[in-house]
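1. The following block contains a protein sequence and its predicted model.
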Amino acid sequence: MDILSLLGLLVAVGAILGGQWLEGGHTASLVQATAFVIVIGGTLGAVMIQSRLPVFAKGIRMVRWVMRPPECDFRTLINHIVHWSNVARRGGLLALEPQLRIEKAAYERKGLQLLIDGAEPAILREILERDIQTYEDEQRAAIKIWDSAGGYAPTIGILGAVLGLIHVMENLTDPSRLGAGIAVAFVATLYGVGSANLVFLPIAQKLKGVVAREVRRRELLIDGLVSVAHGENPRIIQGKLEGFLMEGD
C-alpha cells in the first residue's frame with residue numbers, strides 16, 4: 001500500500017477541519033448534503049458526457065492504483081534479462097523457449113516470443129514500441145476523466161453557490177429559511193474547489209506517475225531484448241540497463 005497517499009489525504013482533510021476548528025467553527029457546518037449532491041453529481045455527469053463507457057469504466061478502476069500501485073520491479077526484470085542473455089549465449093535463442101513458459105507477464109512473453117522467433121532487432125523494437133504507445137494512449141485517456149473532474153468541479157461548485165443565492169433571494173421575506181440557502185452557496189464552492197484540488201487532480205497526477213513508471217519499465221525491457229538479440233555481453237547489458245534505475249526502484 002502507498003502509505004504516502006493515504007497520509008497526504010489525511011493531512012489535507014485534517015488541515016481544513018483543523019483550520020475550521022481554530023476559527024471557532026463547527027465541523028458539522030461543513031456537512032451539507034445539498035451542496036454535495038450538486039457538486040459531485042454535476043461533476044460526475046459532466047465527465048460521463050465526455051467519455052466513452054469503456055474509458056470511463058477503466059478510469060474508475062484505475063483509482064485503486066493510488067493506494068495500491070501495480071508491481072513494477074526494475075531490478076528483478078534486469079536480472080531476468082541478464083539471465084536470458086546468458087542462456088542465449090550458451091544455447092542460442094531457441095534455448096529461451098523454457099523461459100517463455102515460466103514468464104507470466106503478457107508484455108514480457110510477447111517480447112521473448114519475438115526474440116525466440118528470430119525477429120530482427122529493429123523489427124522487435126518497432127513492434128514493442130508500438131505496443132507501448134498504444135498502452136500509454138489507453139491509460140492516459142482513462143486518467144483524463146480525473147483531470148476533467150478536477151476542471152469541472154470548481155465550476156459546478158460556483159453553480160451550486162448561484163443556486164443557493166437564488167434560494168436566498170426567493171425567501172428574503174422569511175429569515176428562517178435564509179440560512180439554508182447561504183449554507184449551500186458557500187459549502188458548494190468549498191466542495192467544488194476542495195474536491196478538485198484535494199481529490200481529483202492529485203489522483204490524476206498520481207496515476208500519470210504510475211503509468212510513466214510502467215512505460216519506463218517496458219522501455220528497459222525493449223533495450224534489454226534488443227541487446228540480447230545483438231548478442232551483447234551479459235555484463236554490458238546489465239550495466240546499460242541499470243541506467244534506467246532511479247531512486248526507489
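-> That came through, no problem. Residues are numbered from 1 along each chain as shown.

2. Okay, now the unreliable bits of the chain?
-> In the predicted model of the chain, residues 1, 25-26, 29, 171-181, 183, 248-249 satisfy pLDDT under 70.

3. Tell me where the longest helix sits in it.
-> Criterion DSSP state H: the longest helix present in the chain is helix 121-170.

4. how far away is the one residue sitting closest to the centre of the chain from Arg140?
-> Most central in the chain under Cα atoms, centre = their mean is Leu207, positioned 1.4 Å from the mean C-alpha point. As for Leu207, its distance to Arg140 is 9 Å (criterion: Cβ to Cβ, to the nearest Å). For every residue, glycine as well, the C-beta is placed using N, CA and C.

5. likewise Val168?
-> For Val168, the distance to Arg140 - Cβ to Cβ - is 42 Å.

6. In terms of packing, which of those two has more residues around it?
-> Taking other Cβ atoms under 10 Å, Val168 and Arg140 do not tie; Val168 has more neighbours (18 against 15).

7. what about stretch 30-39, start to end distance?
-> Start-to-end span of stretch 30-39 (Cα to Cα, to the nearest Å) is 14 Å.

8. now what about it, what contacts it?
-> With contacts defined as Cβ atoms under 8 Å, 6 or more residues apart in numbering, stretch 30-39 is touched by 17, 20, 153, 156-157, 159-160, 163-164, 180, 183-184, 187-188, 190-192, 195.

9. Stretch 99-114 spans what distance, first to last residue?
-> First-to-last residue span, stretch 99-114, Cα to Cα: 13 Å.

10. Could you pull out the buried residues of that stretch?
-> 99-100, 103, 107-108, 110-112, 114 (16 or more other Cβ atoms under 10 Å).

11. what's in contact with the host helix or strand of Gly239?
-> Using DSSP states H and E, Gly239 maps to helix 234-241. Helix 234-241 has contacts (Cβ under 8 Å, 6+ apart) with 78, 81-82, 85-86, 89, 220, 223-224, 227-228.

12. same thing but 7 Å
-> Contact with helix 234-241 is made by 78, 81-82, 85-86, 220, 223-224, 227-228, as judged by Cβ atoms under 7 Å, 6 or more residues apart in numbering.

13. Likewise for stretch 6-14?
-> For stretch 6-14, the external contacting residues (Cβ under 7 Å, 6+ apart) are 67, 198.

14. hey, C-alpha coordinates of it in CSV?
-> Taking C-alpha atoms only, stretch 6-14 is exported to CSV below (Å, rounded to 0.1, in the frame of the first residue of the first chain):
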residue,chain,number,x,y,z
LEU,A,6,-3.2,7.9,2.5
LEU,A,7,-1.1,10.2,4.8
GLY,A,8,-1.4,13.1,2.3
LEU,A,9,-5.2,12.8,2.2
LEU,A,10,-5.4,12.7,6.0
VAL,A,11,-3.1,15.7,6.3
ALA,A,12,-5.1,17.7,3.7
VAL,A,13,-8.5,17.0,5.3
GLY,A,14,-7.2,17.4,8.8
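
15. mind listing what's buried in that stretch?
-> Of the residues in stretch 6-14, none count as buried by neighbour count, 16+ other Cβ under 10 Å.

16. for it, the distance to its chain's centre please.
-> 18 Å (Cα atoms, centre = their mean, to the nearest Å).

17. what does stretch 18-33 give?
-> Here the centre of stretch 18-33 is set off from its chain's centre by 31 Å, with Cα atoms, centre = their mean.

18. for stretch 126-141, same thing?
-> Distance, stretch centre to chain centre, for stretch 126-141: 15 Å (Cα atoms, centre = their mean).

19. before we move on, what about stretch 210-218?
-> 11 Å.

20. just stretch 84-101 next, same as before
-> With Cα atoms, centre = their mean, you get 35 Å for stretch 84-101.

21. How about stretch 48-63?
-> With Cα atoms, centre = their mean, you get 13 Å for stretch 48-63.
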